[in-house]
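> need a structure here:
(2 chains)
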Number of protein chains: 2
Amino acid sequence: MVTLSTLSVYALGGLHEIGKNMYAIESANDILIIDCGNKFPDENLLGVDLIIPDVTYLLENKEKIRALIVTHGHEDHIGGIPFLLKKINVPVYATRFTLGLIELKLKEHKLLRETELIEINPNSNLTFEELNVSFFKVTHSIPDCLGIVFDTPEGKVVHTGDFKFDLTPAKNEHSDIHKMAEIGKEGVLLLLSESTNAERPGLTPSEQMVGEHVEEAFMKAERKVILSTFASNISRVQQVVDAARKTNRKLALLGRSMVNVVEVAMKRGYLQVPEGMLIDQQEINELPPERVAILCTGSQGEPMAALARLSTGNFRGVDILAGDTVIFAAGPIPGNERNVTKIVDNLFTLGAHVIYGSGSTSGMHVSGHGYQEDLKLMLTLIKPKYFIPIHGEYRMLHHHQLLAESVGVEQGNTFILNNGDVVDIQEGLARQTRKIPTGNTYVDGVGVGDVGEMVLRDRKQLSEDGMLVIVLTMSKAERKMVSGPDTITRGFVYQDYEDLKKDVNRLITKTVSDLQEENRNQWKVIKQHIKKAVGQYLFAQTKKKPMIVPIIIEI
Amino acid sequence: MVTLSTLSVYALGGLHEIGKNMYAIESANDILIIDCGNKFPDENLLGVDLIIPDVTYLLENKEKIRALIVTHGHEDHIGGIPFLLKKINVPVYATRFTLGLIELKLKEHKLLRETELIEINPNSNLTFEELNVSFFKVTHSIPDCLGIVFDTPEGKVVHTGDFKFDLTPAKNEHSDIHKMAEIGKEGVLLLLSESTNAERPGLTPSEQMVGEHVEEAFMKAERKVILSTFASNISRVQQVVDAARKTNRKLALLGRSMVNVVEVAMKRGYLQVPEGMLIDQQEINELPPERVAILCTGSQGEPMAALARLSTGNFRGVDILAGDTVIFAAGPIPGNERNVTKIVDNLFTLGAHVIYGSGSTSGMHVSGHGYQEDLKLMLTLIKPKYFIPIHGEYRMLHHHQLLAESVGVEQGNTFILNNGDVVDIQEGLARQTRKIPTGNTYVDGVGVGDVGEMVLRDRKQLSEDGMLVIVLTMSKAERKMVSGPDTITRGFVYQDYEDLKKDVNRLITKTVSDLQEENRNQWKVIKQHIKKAVGQYLFAQTKKKPMIVPIIIEI
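Here you go, the predicted model:
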């Protein structure tokens, strides 16, 4: 007898993009969600604060959802959690450090009390209706990361989380290669593996390299050292702490996320800071500069973060002075280069010694995502029958497919999916035929999902050419202009417009009276004609297309 | 007797920035301008099309201006010329190829007829009242580039233009190292040298390397080859032509600037294309794909350029198909990475074989700007007493200073200037004490210099949070609301606003009646209070700050 039970795998985010990772494994009775991240908007999404996955499909299948399992605590894996929890109250499973970061978020959104948080570790085993779950430890650029093994009626499905191989990582951050080998030996039906660095040949360099460079820079520095990195990269923070200790410096933390995350890491035992090393920012100026180090946010050039403010002398009470050393211990993420170099320039202007550039030139950063050889090693260890490259833009997924085939995954057994594409597995055979609804949900102020294409199109036009509001007061009875036209501009070129104003008013008056002669008196028709006439006139005169907003006041 | 004559050197653009290069040498009676470029706005300058130098100072000293001398034909050196010529009709000196590109621009701006264009070559000598000018050939990424020597009463001033050293460049593009050595031997007072790659160690690779890689890719390609590069890089275009010839392919040109620039280069003898090789785009589909190559614009990911349109299937009559090879023969300029990778992704989706990445990884691009060893060689050849690093952001100028000092320029003899800072030289002594007015002039549609900070601030607010227009009709006599309030939003979240509308209207009505009770009836006061009350209310409700535009219609 043929079983009707199918195993389905799909992404609600993370494919053809970097960010908002969210994947799911679905059997007849269970849905298990893996991660729920956010993504930052590019410059075309004017005014949008965040992008999160559209979870319409999950809402429709609420009763099947058993768990949200989180691989690690980066924003692109946890940033969407509060928004999901507001709609679906699902238990959240994560390791101790990851839970610490999730709790910070839930507090902010006032969700901590009603959420069920369950701490897991690499040895945990979870049992759901048809799906059993176990884990293996992976190395990444944040503590306490997991790969996940789903035992399903169809066989094992493995999700790598984000990973690299690093034989000399920070303490307790070794990948469990033995367990991976064992899983592979038992036989794996399907692997989902991350693709961020699938374009880069070789093996990721070890975090140890950064430690050595940081220490060297601290040794050489004759005055204050200011180092900026991702707050969540606790191994790197530990290396800074160690370098500060060796060079007899006190350490100040600047920037809200740095303070918060370091606190979580210390409280939960992921970061060892010598008693008395941490100082408040007020104490910085009380010590000789060669006794001070500062660890701060803003390595990506974020304009409101600590480093940007320090670089322009706008951080109250803390100054970067000639002879200070500033270290960017993070490479710029594509898109952030301009903001970063602006800060580098400002720092040089202050007379600082600045160590910057990509990790490979400065030695101050290594990636947390495996390069091609790391990815091939994972594929070789897990030996899956089927493969879905995840976590990446199309070209990364494409390269990952080639890597998989180079280490033995059969041609035709790799699925390059889009968000929403479903791979169904039945009797050991995988097929991709159907789609579930998915997409981007925009967070805009307190609004979630309110901003649509029309609003964004309007913002785009307003941003480039501004607007012209035209107010006509018309008598209801005679349908004639009683006063006006009055026009107001914003964001449109002021000087020019003052010269054009008379012509525009004349054009409006003529448009209205022409229509009246033809007895075309509906407000809608009048507005349309004014919009068209004034728009064409202004474009001919100025080559700009301000948004024309005609308003008719009836009296 | 002490002479009162002073020699002054300053930049009107090009310092602390990449772009809008414009420098000047001024003696008692002469001003000679070097280059007049433009710069593209970053994403904060909403709606601005171009940035050009503010030439107020030159306008005030019009009668002293003898010449605009142009080092080469890149946009950041010639893009501002039409705007300058509209204000000051100065004779333009440039080499044959550079003049060809300038003429294209002047035609567009209908300035060709009234402009005096004077062709020069590396052996030209120009004589002005106190200043004599000669030239030397430099290698760059466009044909026919010059360095300039100014013979002044104070001594020689040398301006390098943009350059690299390349011992195997394209035909006729060798740097005249012998002449540089001779100039240096005669003694140079001041060198202005470009700083673009002052951060990069080593010597720039040769353009020859690109030729070899292009040829190899053409050999390997089994179907169409599509290569995108800067149209003005004629050496590279020649290498593409050569590779097409060797692999027996016809060549089609796509994109307006590619067609225009190639035409200039062919007509003026800078590019040799075999008879019958060039085909129209209509002929592409009539030939077998292995017999076709396409050279197109858009290597920087420009959304409207040929390559972007090809990558999304929106170039009428030309399709990129599975198995075609697409080559990016230009590294992405910082800030363009995201647009480029979007196109790379689309091309992979079409099944194309894509060769992309920085030049050092793909071998398909080398920089036209000298690295550190090139810059040191120039400094060594010219042996100046004083040095002004030009053409670069602050960190580049800073590194160039260090390089200069490493090859013997005395400490204290390098001037890191800002645009407008003047170095005055008197009796062989250089000093920087004064400033001339300078800055950015924004081109916005047909407006030049009309857009100011206020307009840009308005556009920023409109772009992020949209606007809310409030119209009140008030009786002049009783100063009471006759109708309204009417409110209209654009770019603000529509759905939310509909829910808020009643509250907003109630708030406006209350604000007006409260003021009336206090007898505060001036329209200005009423508007201010409405703006504040509604703004605060909307921010509290939505965390957005739409622009509030209150309009009062008096009847």
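
> Packing partners of the strand of greatest length in chain A?
Longest strand in chain A, counting residues (DSSP state E): strand A:481-490. For strand A:481-490, the elements it packs on are strand A:467-474, helix A:494-517, strand B:547-554, judged by 3 or more C-beta pairs under 8 Å, 6 or more residues apart in numbering or on different chains; DSSP states H and E. (Each C-beta comes from the backbone N, C-alpha and C, glycine too.)

> among these, which is nearest A:Ile551?
strand A:467-474 (4.9 Å; C-beta to C-beta).

> Please save the CA atoms from the closest one in PDB.
What follows is strand A:467-474, C-alpha atoms only, in PDB (Å, rounded to 0.1, in the frame of the first residue of the first chain):
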ATOM      1  CA  MET A 467       5.800  67.900  -5.300                       C
ATOM      2  CA  LEU A 468       3.400  70.700  -6.300                       C
ATOM      3  CA  VAL A 469       0.100  71.000  -4.500                       C
ATOM      4  CA  ILE A 470      -2.600  72.900  -6.300                       C
ATOM      5  CA  VAL A 471      -5.700  74.100  -4.400                       C
ATOM      6  CA  LEU A 472      -8.700  75.300  -6.200                       C
ATOM      7  CA  THR A 473     -11.800  76.600  -4.400                       C
ATOM      8  CA  MET A 474     -14.900  75.900  -6.500                       C
END
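
> That one pairs with which strands?
If you go by DSSP bridges, strand A:467-474 pairs up with strand A:481-490 (antiparallel), strand A:547-554 (parallel).

> Rebuild these as a markdown table, extending it with mean neighbour count and mean pLDDT.
Listed next are the strands paired with strand A:467-474 as a markdown table, based on neighbours: other C-beta atoms under 10 Å in any protein chain shown; pLDDT from 0 to 100:
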| stretch | mean neighbour count | mean pLDDT |
| --- | --- | --- |
| strand A:481-490 | 19 | 85 |
| strand A:547-554 | 20 | 90 |
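
> In a markdown table, list the ones you listed along with distance to B:Thr361.
A markdown table is the format used below for the strands paired with strand A:467-474 (distance: least, C-beta to C-beta, whole Å):
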| stretch | distance to B:Thr361 |
| --- | --- |
| strand A:481-490 | 46 |
| strand A:547-554 | 44 |
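
> circling back: can you flag the weakest of the helices and strands packed on strand A:481-490 by average pLDDT?
Ranked by mean pLDDT, the helices and strands packed on strand A:481-490 bottom out at helix A:494-517, with a mean of 85.

> Can you name the residues of the stretch 351-500 of chain A that neighbour chain B?
A:354, A:357, A:393-395, A:398, A:444-447, A:450-452, A:454-455, A:458-460, A:462-467, A:469, A:471, A:473, A:482-484, A:486, A:488, A:490-496 (C-beta under 8 Å from any C-beta of the partner chain).

> what do you get if the cut-off is 6 Å, keeping everything else the same?
Neighbours of chain B within the stretch 351-500 of chain A, by C-beta under 6 Å from any C-beta of the partner chain: A:393-395, A:398, A:445-447, A:450-451, A:455, A:458-459, A:462-465, A:469, A:471, A:473, A:483, A:490-491, A:493, A:495-496.

> Please, a PyMOL command that selects the buried ones among these?
Burial among those is assessed by 16 or more other C-beta atoms under 10 Å in any protein chain shown; the matching PyMOL selection reads:
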select buried, chain A and resi 393+394+395+398+445+447+450+451+455+458+459+462+463+464+465+469+471+473+483+490+491+493+496
